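**Q** Build me a model:
(2 chains)
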Number of protein chains: 2
Amino acid sequence: MSAPLGAIARPYLLFLGDAPDRETAKTAIGVHHWRGRDCAAQFSLPGCNVDLGLPELDPAAAAARGICTLLVGLAPLGGAIPEHWTRAIVAALEAGLDVASGLHVRLGDVPAIAAAAARHQRRLIDVRHPERLFSVGDYRRRNGKRLLTVGTDCAVGKMFTALALEQAMRRRGIAADFRATGQTGIFIAGGGVSVDAVVSDFLSGAAESLSPDAADMHWDLVEGQGSLFHPSYAGVSLGLLHGSQPDAIVLCHDAGRRTNGDFPGLPLPSLAECAQTNLQLARLTNPAVRLVGCSLNTSRLTPDATERAIADAATALGVPCVDPVRTGVDPIVDHILAR
Amino acid sequence: MSAPLGAIARPYLLFLGDAPDRETAKTAIGVHHWRGRDCAAQFSLPGCNVDLGLPELDPAAAAARGICTLLVGLAPLGGAIPEHWTRAIVAALEAGLDVASGLHVRLGDVPAIAAAAARHQRRLIDVRHPERLFSVGDYRRRNGKRLLTVGTDCAVGKMFTALALEQAMRRRGIAADFRATGQTGIFIAGGGVSVDAVVSDFLSGAAESLSPDAADMHWDLVEGQGSLFHPSYAGVSLGLLHGSQPDAIVLCHDAGRRTNGDFPGLPLPSLAECAQTNLQLARLTNPAVRLVGCSLNTSRLTPDATERAIADAATALGVPCVDPVRTGVDPIVDHILAR
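**A** Reported below is the predicted structural model:
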């Protein structure tokens, strides 16, 4: 396993703040689901309605048990960091923890937090604001194998599918690493690049750096972002597609969705059109790219409708189709290995 | 004519520094070629081998004649700003001029320049570093007509063609504005957005802001960037394509080039393939988009070969093909008006 980019020290103390519901804490929940071993404890404030079943520790007690980083994985409540969160973050720094945040506001832009970090020489990691400088993409072919999850839209299961593939491959003894491109993914992987926060000129270069040279049979499983069919984010998706140079793509789709989640007037492409467009554009940097599977989010369908949707997608695309939650992703791994 | 974004006050004092050749001064030369009326004087240092035929004025004399901005339109010599350029820039600020720069280094990162700007309350404009914050693209259709120049590669004439179209349209009394997306274009237009310097998340939003609502028959002529077929910059090109929502595209190509200018191992697409891919992807945000012309840079061809190249491109694409330098772009304007 390669060390992730911009590594965040683990284990984590998951900061739940005063999250009123699971939606607000979904990043912490995702990290706990996929990397339970990295989550040593939780830290709640009065009013919190979420319980991950982890030991409840304050920062001082967490530091005493060897915990390295307070993870602020909460959905941002408006713009600024609330005063009571600031006090909790400062307490973590005083206890000797680093602090990693997925909030839009930079931790270091809050004077009390910046001062505490400097005083105690702790790291502030804002995963939405890459610290690293990237180069322009150099188009160099890298060793090892790469798979990218692509989608008909945002929020259709691209991260979940890449993580499920990592898990399934590792269970079979295949060397495989999830490569994170968004906030939650970065906390799960302990590193990565928030590609939509990179300056456009360096987009494909950042994507290239995310899956560096690896052993011949090693698989990087790159988390896709946005969609070539999303009017706001297609540029990000294309830069990631070109820089990732995928050997394989898996098409992800929310089977309950017919129109764009942000723009209800815009129909989603068919699965076949979406797959073809991704393959067509991906060939620029990897002419051997192929579609190896389809991953449906069927959470809004009945069991019968799910079965039909999976069968229809498999027929339309000619590759295995799965729901990573209901069926697992093994048919896709089988298909990859059969080649 | 709408006011350009991030407007730079004109007229300009063109700073030629100690440019050894015209290549080093090509931005200043481009601004002088396309906007001679905005260029009131030039300012050279000892060793300069370029003469634009403008009055030679130092900053104090320029300020006395009502010149507003020193334009540092020189190709960057390595990373830092040389000490003798810094002295010239500080002199301009002391004389009461703003300073606009296309260098990679931010003017304000040079302490002496930052101090002089603050002391004399003058603006420092780094066109490679947008001051504005942009929004995520909102996909809203805007009033007025838009044309985007796209290309088979970088540096094939996309800016030149858009400027030539603006000139040809205005000569016929058509309301038309060149919209700049790169350094030289921004100096020429007196504003614009350096799209490759925008954070990826806001790429199409920045492109949208570049050609705001306009009168029904007004044409925005948007300068293209990169190419969908360039492995390093295709994401930028796609964000610009989607945000521009072009009604019309003009395909630009260097007729002497068969492989990518940065990656000699990568063949360029055929004109037909490049046009089709741009149209296919552009339809997401403007289903009525059409190809209205092809613009060839034939500077490396003989007159006979130029004639053949223009005829072949017109046949392959079924639209007028021009060399903006040798033939002018009127056939493309005729084609647009005929619809």
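**Q** and stretch A:309-318, which residues are buried?
**A** Going by neighbour count (16 or more other CB atoms under 10 Å in any protein chain shown), the buried part of stretch A:309-318 is A:309-310, A:313-314, A:317. From N, CA and C alone the C-beta is placed, and that goes for glycine too.
**Q** okay, that stretch in CSV with CA atoms only?
**A** Extracted C-alpha coordinates of stretch A:309-318, given in CSV (Å, rounded to 0.1, in the frame of the first residue of the first chain):
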residue,chain,number,x,y,z
ALA,A,309,-32.8,-2.0,-13.2
ILE,A,310,-29.7,-4.1,-12.7
ALA,A,311,-30.7,-6.5,-15.6
ASP,A,312,-31.5,-3.6,-17.9
ALA,A,313,-28.2,-1.9,-17.2
ALA,A,314,-26.2,-5.1,-17.8
THR,A,315,-28.0,-5.6,-21.1
ALA,A,316,-27.6,-2.0,-22.3
LEU,A,317,-23.9,-1.9,-21.4
GLY,A,318,-22.7,-5.5,-21.9
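**Q** Farthest-apart pair in the buried residues of stretch A:309-318, please.
**A** Pairwise distances among the buried residues of stretch A:309-318 were taken by CB to CB; the largest, 12.2 Å, belongs to A:309 and A:317.
**Q** about what we covered before: I'd like the buried residues of stretch A:309-318 written out as JSON lines, with distance to residue A:56, secondary structure and pLDDT added.
**A** Rendered in JSON lines, the data for the buried residues of stretch A:309-318 read as follows (distance: CB to CB, whole Å; DSSP: H, G, I helix; E, B strand; the rest coil; pLDDT from 0 to 100):
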{"residue": "A:309", "distance to residue A:56": "41", "secondary structure": "helix", "pLDDT": "97"}
{"residue": "A:310", "distance to residue A:56": "41", "secondary structure": "helix", "pLDDT": "98"}
{"residue": "A:313", "distance to residue A:56": "43", "secondary structure": "helix", "pLDDT": "98"}
{"residue": "A:314", "distance to residue A:56": "46", "secondary structure": "helix", "pLDDT": "98"}
{"residue": "A:317", "distance to residue A:56": "47", "secondary structure": "helix", "pLDDT": "98"}
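**Q** Where does the prediction get shaky in the stretch 1-150 of chain A?
**A** In the predicted model, the stretch 1-150 of chain A carries pLDDT under 70 at residues A:1-6, A:76-79.
**Q** all helices for it, in order.
**A** Per DSSP state H, counting those that start in this stretch, the stretch 1-150 of chain A carries helices over the ranges A:26-34, A:59-64, A:83-94, A:111-120.
**Q** now do the stretch 201-339 of chain A
**A** In the stretch 201-339 of chain A, the segments counted as helices under DSSP H, counting those that start in this stretch are A:203-210, A:234-244, A:271-282, A:303-317, A:330-338.
**Q** Could you figure out how far the third one is turned away from helix A:234-244?
**A** Following axes from the mean of the first three to the mean of the last three CA atoms, to 10 degrees, one obtains 60 degrees for the angle between helix A:271-282 and helix A:234-244.
**Q** in helix A:271-282, what's buried?
**A** Taking 16+ other CB under 10 Å as the basis for neighbour counts, the residues of helix A:271-282 that come out buried are A:271, A:274-275, A:277-279, A:281-282.
**Q** repeat for stretch A:132-146
**A** When burial is assessed from 16+ other CB under 10 Å, stretch A:132-146 yields the following buried residues: A:134, A:136-137, A:139, A:144-146.
**Q** the strands in the stretch 51-200 of chain A, which residues?
**A** Taking DSSP state E, counting those that start in this stretch as the test, the strands found in the stretch 51-200 of chain A are A:69-72, A:98-101, A:124-126, A:145-151, A:176-179.
**Q** Of all the ones you listed, which one comes closest to residue B:189?
**A** When these are ranked by distance to residue B:189, counting by CB to CB, first place goes to strand A:124-126 at 34.8 Å.
**Q** Grab the nearest non-local neighbour of residue A:269.
**A** Here the nearest residue to residue A:269 in space, its sequence neighbours aside, is residue A:229; by CB to CB, 6 or more residues apart in numbering or on different chains that works out to 4.9 Å.
**Q** Count the residues that sit near the one you found.
**A** With neighbours defined by other CB atoms under 10 Å in any protein chain shown, the count for residue A:229 comes to 23.
**Q** Quickly list the domain ranges of chain A.
**A** Per automatic domain parsing, the domain ranges recorded for chain A read A:12-126, A:145-338.
**Q** interface residues of chain A facing chain B?
**A** Contacts of chain A with chain B, taken as CB under 8 Å from any CB of the partner chain, map to A:136-139, A:195-201, A:203-205, A:228-229, A:231-240, A:242, A:262-263, A:266, A:277, A:280-281, A:284-285.
**Q** could you flag which of these are buried?
**A** The neighbour count (16+ other CB under 10 Å) marks A:136-137, A:139, A:195-201, A:203-205, A:228-229, A:231-240, A:242, A:262, A:266, A:277, A:281, A:284-285 as buried among those.
**Q** Name the residues of stretch A:92-108 that come out as buried.
**A** By neighbour count, with 16+ other CB under 10 Å as the criterion, the buried positions of stretch A:92-108 are A:92-93, A:95-103, A:105, A:107.
**Q** er, stretch A:243-259 I mean
**A** A:243-255.
**Q** what residues are up against the spatially most distant residue from the centre of chain A?
**A** The C-alpha centroid of chain A is most remote from residue A:119, which lies 32.0 Å away (CA atoms, centre = their mean). Counting by CB atoms under 8 Å, 6 or more residues apart in numbering or on different chains, residue A:119 makes contact with residue A:93.
**Q** how about the most centrally placed residue in chain A, what does it touch?
**A** Among the residues of chain A, the one closest to the centroid is residue A:185, at 2.6 Å (CA atoms, centre = their mean). Residues touching residue A:185, when contacts are defined by CB under 8 Å, 6+ apart, comprise A:159, A:162-163, A:178, A:192, A:223.
**Q** swap in residue A:238?
**A** For residue A:238, the set of contacting residues under the criterion of CB under 8 Å, 6+ apart consists of A:228, A:281, B:228, B:234-235, B:238.
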